[in-house]
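Novice: Quick one, what's the 3D model for this:
(one chain, ligands or ions: 1)
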Amino acid sequence: MEVLAQTQRVSLASFNNTPACHVRRPVFISRSQFCGGNQPFESAVSRQVLTASTSRRGDALILRCQGSNGAAAAPWAQKDARLVLEDGSVWEGRAFGTQGTALAEVVFNTSLTGYQEILTDPSYKGQFVVFTHPHIGNVGINFGDMESEKCHLGGIIIRDLSASVSNYRSTKTVDEYLKEQGVLGIADVDTRAITRRLRDTGALNGIITTDMTTPAEELVQQTKSWSILGKDLIREVTCSEPYEWKDTTEHEWEFNPNVLARNGEQPFHIVAYDFGIKHNILRRLASFGCRLTVVPADYPASKVLEMNPDGVFLSNGPGDPSAVPYAVENVRQVLGKKPVFGICMGHQLLGQAFGGETFKLKFGHHGGNHPIRYAPTSRIEISAQNHNYAVNPETLPADVEVTHINLNDGTCAGLLCKPKKAMSIQYHPEASPGPHDADVCFEQFIEMLKEERAGKAAVAA
Ligand SMILES: NC(=O)CC[C@H](N)C(=O)O
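Specialist: The predicted structure follows:
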């Protein structure tokens, strides 16, 4: 994109902090009513300030972007990226992040906050996220809110990319971060219309591309040649070696007095299977007094049992839960031998280890306001969710209770098997981003670990 400058005479009345051009939408706005060299102009889009000389009062500066055909095109009208969906629809918009072409499953997320946590949640591997919140990027990117080491999703689809960043923790813009991560972004598309389409059709495959020449029909064919079903995406996001984790959540998170009351007790040792684990899950477990060893997704259950942990944790993760039988087998082997807690993918793997089956939802649950009923007390939680699959409760054995129910569609959102000391939830109690109502799940797991420890002590005595 080449920026051109030219002068054009406009009326004096329009020249005092008013648009520098009143024949087109203003791009640069005069900050001064004087003429001469070094007159400041501010971009209405990026707040960039430049100086230009105006030869006489009444001369103004117009900046224009050169379109691909060489003709001048306004930046707000510039279309240099496409989202092509497998239903044949094509959405033209403005590219940001990296350049190129990527193919993934398109899902929408309705969270109002937390785009950085969503960008760095490994569970989004193989997916593009449409943000229904219309304005993304206003608080930039910071070190503290990373949910993993990188941005795993294939691309993001947004209405409006914030032209400026305002946050004291921010170290870079979303655009810079996506460029660095090699991830595509498309802005200035009608995200409301795309979301309504996905809600009607269900999740669709899509291509985001900055190539504006390949015919759309060809791209539509490509979207149809791929499926996320049956793919093991966990192998692409799991750690390669076991490691220890100690960080807790920061002070403002410690709204739960039971966390603080536990200080001083001997920590519980948890082995956490990393299927694409989010950092805040590890931080919350550490805050509840756990010492954590994180292991790769295919780490043999026999080696986990050799470590003799107090409990085993099964993390969230990307893709189809029925495509990872090796993980289900590991869970089966620890079941009944150690207390187990699973979150999201971990819940789905636990469901399969019990003998149950998973199925794909129409467009999944991705957002920060999904209501859940905890069946034993009828307590309602507002929860953070991100999943496309669910456990079919009818396929579970009799000793497994459905403890949590999603009130939007009645799907199974939590399980408990008392005899085997195993529990799970389909959503995200670590709440990063999202409401904290489900934090109590960590406490319930800790109670399970305490019971187990007390039971062992009683046998030993
Ligand atoms: N957040 C997760 O763990 C997602 C689990 C699984 N990939 C799903 O989409 O249902």
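Novice: and residue 274, how far is that from residue 101?
Specialist: 30 Å (C-beta to C-beta, to the nearest Å). C-beta: built from backbone N, CA, C; applies to glycine.
Novice: and the stretch 201-350 of the chain, which residues reach the ligand?
Specialist: Taking C-beta under 6 Å from any ligand atom as the contact definition, the stretch 201-350 of the chain meets the ligand at 316, 317, 318, 319, 321, 344, 345.
Novice: Can you tell me which of those has the most neighbours?
Specialist: The most crowded member of these, judged by other C-beta atoms under 10 Å, is residue 345 (32 neighbours).
Novice: Give me the nearest residue to that one, chain neighbours excluded.
Specialist: residue 317 (3.6 Å; C-beta to C-beta, 6 or more residues apart in numbering).
Novice: which SS class is that neighbour?
Specialist: Following DSSP: H, G, I helix; E, B strand; the rest coil, we place residue 317 in the coil state.
Novice: Would you mind listing what in the stretch 51-200 of the chain touches the ligand?
Specialist: residue 123.
Novice: low pLDDT regions in the chain?
Specialist: Residues of the chain that meet the criterion pLDDT under 70 lie in 1-76, 257-264.
Novice: what's the longest helix in it?
Specialist: helix 440-460 (DSSP state H).
Novice: related to what we said a few turns ago, the residue nearest to residue 345 contacts residue 237, correct?
Specialist: Yes: assessed by C-beta atoms under 8 Å, residue 317 is found in contact with residue 237 at 6.8 Å.
Novice: residues shared between the contacts of these two?
Specialist: 122, 275, 276 (C-beta atoms under 8 Å, 6 or more residues apart in numbering).
Novice: how far away is residue 109 from residue 377?
Specialist: 29 Å.
Novice: Which one's more surrounded, the two?
Specialist: More crowded of residue 109 and residue 377, by other C-beta under 10 Å: residue 109, with 25 against 8.
Novice: Could I get the contacting residues of the spatially closest residue to that one that is not a sequence neighbour?
Specialist: Using C-beta to C-beta, 6+ apart and skipping residues adjacent in sequence, the residue nearest residue 109 is residue 366, 4.1 Å away. By C-beta under 8 Å, 6+ apart, residue 366 lies in contact with 107, 108, 109, 110, 111, 129, 385, 386, 387.
Novice: In strands, which of the residues you listed appear?
Specialist: 107, 108, 109, 129, 385, 386, 387 (DSSP state E).
Novice: Now do the buried residues in the helix or strand where the residue nearest to residue 109 lies.
Specialist: Per DSSP states H and E: residue 366 is located in strand 357-374. Of the residues in strand 357-374, those buried by neighbour count under the rule 16 or more other C-beta atoms under 10 Å are 358, 360-361, 363-368, 370, 372-374.
Novice: which one of those sits closest to the ligand?
Specialist: Of all these, residue 364 has the smallest distance to the ligand: 6.2 Å, by C-beta to the nearest ligand atom.
Novice: thinking the closest one is in contact with residue 388, fair?
Specialist: Yes: using C-beta under 8 Å, residue 364 makes contact with residue 388 at a distance of 3.6 Å.
Novice: so what sits against both of the two?
Specialist: Any residue near both residue 364 and residue 388 by C-beta under 8 Å, 6+ apart counts here, and that gives 107, 203.
Novice: and the residue lying closest to residue 122 once chain neighbours are set aside, how far is that from residue 313?
Specialist: Nearest residue to residue 122 in three dimensions, chain neighbours excluded: residue 276, at 3.3 Å (C-beta to C-beta, 6+ apart). The gap separating residue 276 from residue 313 is 13 Å, by C-beta to C-beta.
Novice: got the buried residues for stretch 442-449?
Specialist: 442, 444, 445, 446, 448, 449.
Novice: For the ligand, see how far away residue 221 is.
Specialist: As for residue 221, its distance to the ligand is 26 Å (criterion: C-beta to the nearest ligand atom, to the nearest Å).
Novice: An error on my part: the question was meant for residue 388.
Specialist: For residue 388, the distance to the ligand - C-beta to the nearest ligand atom - is 4 Å.
Novice: The stretch 351-461 of the chain against the ligand: which residues are in contact?
Specialist: Where proximity means C-beta under 6 Å from any ligand atom, the interface of the stretch 351-461 of the chain facing the ligand comprises 386, 387, 388, 389.
Novice: ok so, going back, check which helices and strands the longest helix of the chain is in contact with.
Specialist: Judged by 3 or more C-beta pairs under 8 Å, 6 or more residues apart in numbering; DSSP states H and E, helix 440-460 is in contact with strand 268-274, strand 311-314, strand 340-343, strand 422-425.
Novice: Show me which positions of the last one end up buried.
Specialist: By neighbour count, with 16+ other C-beta under 10 Å as the criterion, the buried positions of strand 422-425 are 422, 423, 424, 425.
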